[in-house]
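Undergrad: Here's a sequence, model it:
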Amino acid sequence: MNCLKDKKILCIIPARAGSKRVLGKNTRNLCGKPLIGWTIEAARNASYVDRTVVSTEDDHIAGISKSFGAEVVIRPPELAQDTSKSTDALIHAIGELKKENYNPDYILLLQCTSPLRTSLHIDEALKMFIEKENIADSMMSLSKTAHPPYFLRKLDEDDVMHDFLEYDREKYTRSQDFGDFYEVNGALYLVRTDILLEKQILQTEKTLGFVMDRYSSVDIDTEFDFMFAEYLMDLKVNKGMDVSKL
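TA: Numbers count the residues shown, from 1 in each chain. This is a model prediction of the structure:
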């Protein structure tokens, strides 16, 4: 039950059937559960989430989602294409629930592809956001990059390397010299409902960053990602290891 200043926090999990790089990804077995099951359980076990809804166009995904205790909003096929935006699915789900006179204060977007994100991460992020809600419109989860972006290179037509970003090579010789950089890990997005409906975006000039460890931040986009997530989940579930400490 949500108890953060009586705010209604709606969790929406978008899950369509048309994954190209990892076929059947959202319902594929990961250490004894369909991938989507890990995210539904994380949302439902979070202390401050009011409702957990899966947005999908697929009956199979809908059935599995309900078996894990999630509500389901069936989205139209045109919102479940490769080119469809997550924000469109969110806005559609909000509209469907508004028919029940349910009007959440915040929307929590959780993607199925981050199975190592836990209810503890969700609670910590929500508490951090509410504490700073007077200065924030939204929040995104991040993980620290292993290397600064200045180490990226481009290749020309002759395979000659060029800097992606220019920098002082004499001043900056080690990765430590650059300081810390963070990338959006896709595990968690939080946005004020009014901001989402008005601007149809998740990031504004007042977006907070919630930092997660790299291992809990694994985002499944390829077969390699799935294998790595499976390895880490096995360490966590079957061997009792805290992967965040690796």
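Undergrad: May I have the secondary structure class of T83?
TA: Under DSSP: H, G, I helix; E, B strand; the rest coil, T83 falls in the coil class.
Undergrad: and the lowest-mean-pLDDT helix or strand in the chain, which strands flank it?
TA: The weakest-scoring helix or strand in the chain, judged by mean pLDDT, DSSP states H and E, is strand 161-163 (a mean of 91). When sheet partners are counted by DSSP bridges, strand 161-163 sits next to strand 153-155 (antiparallel).
Undergrad: how far does the partner strand sit from the chain's center?
TA: 29 Å (C-alpha atoms, centre = their mean, to the nearest Å).
Undergrad: neighbouring contacts of that strand?
TA: 161-164 (C-beta atoms under 8 Å, 6 or more residues apart in numbering). Bear in mind the C-beta positions are built from the backbone N, C-alpha and C, glycine included.
Undergrad: Now tabulate the residues you listed in JSON lines and tack on neighbour count and distance to P76.
TA: Converted to JSON lines, the contacts of strand 153-155 look like this (neighbours: other C-beta atoms under 10 Å; distance: C-beta to C-beta, whole Å):
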{"residue": "M161", "neighbour count": "9", "distance to P76": "47"}
{"residue": "H162", "neighbour count": "9", "distance to P76": "45"}
{"residue": "D163", "neighbour count": "12", "distance to P76": "45"}
{"residue": "F164", "neighbour count": "12", "distance to P76": "40"}
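Undergrad: ok, so of those, who is nearest I122?
TA: F164 (34.1 Å; C-beta to C-beta).
Undergrad: mind listing what that closest one touches?
TA: 149-150, 152-154.
Undergrad: and with 7 Å instead?
TA: Each residue near F164 by C-beta atoms under 7 Å, 6 or more residues apart in numbering is listed here: 149, 152-154.
Undergrad: got it, and D213?
TA: 143, 244.
Undergrad: Give me the pLDDT value at it.
TA: For D213, the pLDDT comes out at 95.
Undergrad: Now do it against F151, distance only.
TA: 21 Å (C-beta to C-beta, to the nearest Å).
Undergrad: I74 now?
TA: 45 Å.
Undergrad: for this protein, what are the low-confidence residue spans?
TA: Residue ranges of the chain with pLDDT under 70: 1-5.
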